[in-house]
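A.B. asks: sharing a model that was predicted from the sequence below.
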Amino acid sequence: MFNISRSSFIKGFALGLSATLVLTACGGGGSEPASESGPAASESPEGTFRVATEPAFPPFESQSESGELEGFDIDLMEAIGAEAGLDVEFESLPFDGIIPALQAGTVDAAISAMTITAEREETVDFSQPYFKAGLAIAVREDSASEITSLDDLQNKKIAVQIGTTGADKAAEIPGAEITTFDSAPLALQELSNGNVDAVINDAPVTLDAIASGNLSGLEVVGELLTEEFYGIALPSGSDNVDTVNEALNTLIENGTYAEIYRKWFDADPPELPESAL
Ligand code: GLN
């Protein structure tokens, strides 16, 4: 299903969408006076639509050598912005800082390969699902015959990215010794270095990392552990949920979504459900 070749990943032609990366220090520059509609106001005073992302999760979001954001999520969010008339401005945040930023209202939305979960829905709103993914186990090739399932991970050393569904899954494994990292590439590097036995991470991202050749000797084993759907996260009660969903549906209907999907995954997109849970 995740038939990703690095060449297709790289060859993707530009859709004419450009991404602006705005690095904002946490809490910095956020002292504009609250607008009339109060702290839950969903757009910044300048009228930009501030979208958080953690750009270390290719092929969904990463930074090119010249520092530009790129990836499936970036193209999709730019297309949603163009469709909905939202002036999208990306802000780079650590993954585990995204939900707090949405709650604090310092960003208007987030697109960061974020799985729609019941727990997260208690604190933020999600768009309808825009991508079907799932967790996979990665191991070093030399242990691929010993570790083939979740059961084989009992009492093993596992690296995960902090605050992710992969970290939650690892926490359920009896006796597992878990090391958390700020980003998925760091967790995978730890595995490649031989310091842990496995990584639990989103399958498309692990497969892309292996296909990229940046990490040697790694392999995905077994079945996908979960079926997960990514959603665009917004502050709870945001008026923009409907706006984003309408634009997303238009892009699915007019073929733009499929075009972006093919650019990054070299495959036709699967059908998406109306809701993830
Ligand atoms: N999909 C995973 C989650 O939502 C990982 C997301 C990420 O690291 N960007 O927890």
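C.D. replies: Cool, got the structure. Numbering: from 1, shown residues only.
A.B. asks: tell me the contacts of the residue nearest the centre of the chain?
C.D. replies: Most central residue of the chain, judged by C-alpha distance to the mean C-alpha position with Cα atoms, centre = their mean, is residue 113 at 1.8 Å. Under the criterion of Cβ atoms under 8 Å, 6 or more residues apart in numbering, the neighbours of residue 113 are 57, 60, 61, 73, 131, 133, 202, 205, 230. Backbone N, C-alpha and C define where each C-beta goes, glycine included.
A.B. asks: so whichever strand or helix holds the fourth one, near the ligand or not?
C.D. replies: Read that as residue 73. Remark: residue 73 resides in helix 72-84, with elements defined by DSSP states H and E. No. Helix 72-84 stays out of contact with the ligand when judged by Cβ under 6 Å from any ligand atom, the minimum separation being 9.0 Å.
A.B. asks: just use 30 as the starting number from now, easier for me
C.D. replies: Yes, from this point I'll number from 30; that puts the last item at helix 101-113.
A.B. asks: would you tell me what the next helix or strand after that helix is?
C.D. replies: Using DSSP H and E, the first helix or strand after helix 101-113 is strand 116-121.
A.B. asks: which elements pack onto the helix or strand just after that following strand?
C.D. replies: Moving toward the C-terminus from strand 116-121, the next helix or strand (DSSP H and E) is helix 124-133. When contacts are defined as 3 or more Cβ pairs under 8 Å, 6 or more residues apart in numbering; DSSP states H and E, helix 124-133 sits against strand 77-82, strand 138-139, strand 153-155, strand 262-264.
A.B. asks: next one: the helix or strand containing residue 277 to chain centre, how far?
C.D. replies: Taking DSSP H and E as the definition, residue 277 sits inside helix 269-282. Helix 269-282 has its C-alpha centroid displaced from the chain centroid by 19 Å (Cα atoms, centre = their mean, to the nearest Å).
A.B. asks: picking up where we left off before, so which elements touch the helix holding residue 102?
C.D. replies: Packed against helix 101-113 by the contact rule (3+ Cβ pairs under 8 Å, 6+ apart) you find strand 77-82, strand 90-92, strand 116-121, helix 269-282, helix 285-294.
A.B. asks: from the contact counts, what lies against the last one?
C.D. replies: So the one you mean is helix 285-294. When contacts are defined as 3+ Cβ pairs under 8 Å, 6+ apart, helix 285-294 packs onto helix 101-113, helix 269-282.
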